[in-house]
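In: Task: produce atomic coordinates for the following.
(one chain, ligands or ions: 1)
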Amino acid sequence: MSVKVGVVGGSGYTGGELLRILAVHPNVEVTYVTSREYAGKPFTAIHPHLRGFYKGLKFSEVSVQLMAEKCDTVFVNTPHGVSSSLTPQLLEIGLKVVDLSADFRLKNHEDYRIWYEAVHPRPDLLEKAVYGLPELYREKIRSATLVACPGCNSTAALLSLIPAFEQKLVDVERIAVDLKVGSSEAGIKPSLGTHHPERANVMRPYEAEGHRHVAEVEQELSKIAGKPVKVALVPHAVGAVRGALASSHVWLQDPNIDETDIWKAYAARYGKEPFVRIVHGTPFRYPDPKYVIGSNFVDVGFAVEKRIGRAVFFAAIDNLMKGAAGQAVQCFNILHGFDERAGLNSPPLRPA
Ligand SMILES: NC(=O)c1ccc[n+]([C@@H]2O[C@H](COP(=O)([O-])OP(=O)(O)OC[C@H]3O[C@@H](n4cnc5c(N)ncnc54)[C@H](OP(=O)(O)O)[C@@H]3O)[C@@H](O)[C@H]2O)c1
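Out: Predicted coordinates for the structure are as follows:
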């Protein structure tokens, strides 16, 4: 069986990554891809790595009518604020939507107003949208019509902490997440802070007083904890092109807990997850985004400092894969009843 797929925002980094994955997906026919800037031009006008694929297809303007004619499911890869008006129209004509933007991630429209400084035009759809983290919501994704994929920083932060929260291993009142992230997170259009001479070789904190992704991290961790949780989250721009690493600092409920018990908790929670790998051993002792680049894997691991009753949980992802397009395809596969690994079943690059 083949699903006819549309991609809105196909000329950006997540759109390009999506097209790279879908080019070899056994159950997908890409029928419609938008870019307002490159409309009428072949995908290679902006994605030279796709040379030889998608012969005959060109970028189109955004047209709901054409999507109704050509697509069953649409991926939306636009900046926040675009999907909230487009997606309701797509749902009304019976299409399924996998949204990579932030527009449907938060359940509370007041949170959206606070963090995104805009009134959400369709608060009724926030409840209907399923948060696209398969490790938490696989069953709900199966029957969803709208999947709201998490941000890349949120994906790394959440996957580092979920077993620790579920097993009540940590003091949920004291969580600090340090994030390092590569430049492709900022999208394809350069700005003063992101173009190469300014961005190369940086180790630069940004939005340290409250990055938007903290809202969805708090939303999901609060659900697990059963009470409101506040998280300190500080991202750092680093010189890499791809990759995100969450180092989540916690204080242990039982400072004498054995490291093996933590390992067992993570192994039990993630053992059957197709894209979660637990890193524990030598010489590559802790997760490093370098060893997941180009793949949908998330490598998780931890370190326990018994002397001060503290631990740090790590999660390493490729921000464009498990942090964006890879995870979106994983959700798409679940939604359509395909093998969850379809199009994604390849190891990371090395060296990368
Ligand atoms: N980069 C990441 O690591 C990452 C990770 C997770 C989630 N995300 C989220 O995914 C979305 C896309 O990110 P990205 O990095 O791919 O951004 P990007 O590289 O800047 O690409 C944005 C795409 O959206 C299109 N677009 C922009 N404004 C539009 C509008 N008003 N109507 C229709 N299309 C519009 C652009 O094409 P035209 O302007 O030519 O139409 C382009 O194809 C964002 O919401 C981002 O927050 C990104």
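In: alpha carbons only for contacts and neighbour counts from here, please
Out: Fine.
In: Contact residues of this structure facing the ligand?
Out: 9-15, 35-38, 77-80, 82, 100-102, 151-152, 184-189, 319-320, 323-324 (Cα under 6 Å from any ligand atom).
In: Val130 pairs with what?
Out: Val147 (DSSP bridges).
In: so Arg204, which of the three states?
Out: Classification of Arg204 by DSSP: H, G, I helix; E, B strand; the rest coil places it in strand.
In: distance of it from Ala186?
Out: Arg204 sits 14 Å away from Ala186, going by Cα to Cα, to the nearest Å.
In: now Leu169
Out: Distance, Leu169 to Ala186, by Cα to Cα: 34 Å.
In: rewinding a little: tell me the buried residues within the residues of the chain next to the ligand.
Out: Buried by 16 or more other Cα atoms under 10 Å: 9-15, 35, 38, 77-78, 100-102, 151-152, 184-185, 319-320, 323-324, out of those.
In: Tell me who's in contact with Ser83.
Out: Val76, Asp99, Ser101, Asp103 (Cα atoms under 8 Å, 6 or more residues apart in numbering).
In: Please produce a markdown table containing these, extended by pLDDT and secondary structure.
Out: Formatted as a markdown table, the contacts of Ser83 follow (pLDDT from 0 to 100; DSSP: H, G, I helix; E, B strand; the rest coil):
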| residue | pLDDT | secondary structure |
| --- | --- | --- |
| Val76 | 98 | strand |
| Asp99 | 98 | strand |
| Ser101 | 98 | coil |
| Asp103 | 98 | coil |
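In: Of those, which is the nearest to Ala268?
Out: For the contacts of Ser83, the minimum distance to Ala268 (Cα to Cα) is 30.2 Å, reached by Asp99.
In: residues in contact with that closest one?
Out: Shown in contact with Asp99 (Cα under 8 Å, 6+ apart): Phe75, Val76, Asn77, Ser83, Leu146, Val147, Ala148, Cys149, Ala328.
In: circling back: please identify which of the contacts of Ser83 is nearest to the ligand.
Out: Ser101 (3.4 Å; Cα to the nearest ligand atom).
In: Which part of the stretch 201-350 of the chain gets nearest to the ligand, residue-wise?
Out: Closest point on the stretch 201-350 of the chain to the ligand, by Cα to the nearest ligand atom, is Ala324, at 4.1 Å.
In: Could you look up the SS state of that residue?
Out: Applying three-state DSSP: Ala324 is helix.
In: What's the local residue count around Leu349?
Out: For Leu349, the count of nearby residues is 12 (other Cα atoms under 10 Å).
In: Confirm it sits in a strand?
Out: No: applying three-state DSSP, one finds Leu349 to be coil, outside a strand.
In: how about it, what does it touch?
Out: Taking Cα under 8 Å, 6+ apart, one finds Tyr291, Val292, Ile293, Gly294, Ser295 in contact with Leu349.
In: Kindly report the same for Ser60.
Out: If you count contacts by Cα under 8 Å, 6+ apart, Ser60 has them with Tyr32, Val33, Thr34, Ser35, Arg36, Tyr38, Ala39, Gly40.
In: okay, it: pLDDT?
Out: Reading off the confidence values, Ser60 has pLDDT 98.
In: Would you list the phi and psi of it?
Out: When read as degrees, to the nearest 10, the backbone of Ser60 gives phi -120, psi 160.
In: now the one 5 residues further on
Out: In terms of degrees, to the nearest 10, the main-chain angles of Gln65 are phi -60, psi -50.
In: Quick check: it vs the ligand, distance?
Out: Separation of Gln65 from the ligand (Cα to the nearest ligand atom, to the nearest Å): 15 Å.
In: circling back to that earlier point, could you pick out which of the buried ones among the residues of the chain next to the ligand are located in helices?
Out: Counted as lying in helices by DSSP state H, out of those, are Tyr13, Thr14, Gly15, Cys152.
In: what's near enough to touch Lys168?
Out: By Cα under 8 Å, 6+ apart, the contact set of Lys168 is Ala225, Gln253.
In: No more questions from me, cheers.
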